[in-house]
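>>> Dropping the sequence and predicted coords here.
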Amino acid sequence: VGWVFRNKKVKRIDDCYMTPEFYSAVDKLTGYKTRSMLCCPVLDSDSGNVLGVIQFLNKRPDAEVAGSHLVVHSGEALETPVRDESSPVQPVVVHSPPPSFSSFDEDVAVLLAAHVAVFIKVVNGEE
């Protein structure tokens, strides 16, 4: 978040613990495990000043893009294999890496940040 605030740029991190800028003390304090992160500056459209930063954590494995809409499915991302005791071949459960934020997610974050910036200015009586 600090880097995004200082640089006024979107930052996407696929594996937070492999990134030197990641501040893991909050995870240690709260017990939360941050895996992936997407941060976007909220910029004043007139001055270019940073009004804030939007932070998204841990891309959900069950979120996908359908057309121009973000669709979140309920249920498990991977089906649990049913064990058939009569079969000599048993299913192998493969653990995939955690999902990462995409360039589409970045685009959505930028659009959201633009709306948030307008809202902040309206609430403050500037528009």
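Good, I have the coordinates.

>>> Pull up the distance across stretch 19-32, start to finish.
The stretch stretch 19-32 measures 17 Å between its terminal residues, going by CA to CA, to the nearest Å.

>>> To what extent is residue 9 buried, counted in neighbours?
Neighbours of residue 9 under the rule other CB atoms under 10 Å: 10. All C-beta atoms are positioned from the backbone trio N, CA, C, and that covers glycine.

>>> Read off the pLDDT value for it.
Looking at residue 9, its pLDDT is 96.

>>> before we move on, what SS does it have?
The three-state label for residue 9, taken from DSSP: H, G, I helix; E, B strand; the rest coil, comes out as coil.

>>> What does it show for phi and psi?
phi -130, psi 150 (degrees, to the nearest 10).

>>> quick one: it and residue 41 touch, right?
Yes: because the distance of 7.0 Å satisfies CB atoms under 8 Å, residue 9 is recorded as touching residue 41.

>>> And the helices in this structure, which stretches?
All helices of the chain, identified by DSSP state H, fall at 2-7, 25-30, 103-123.
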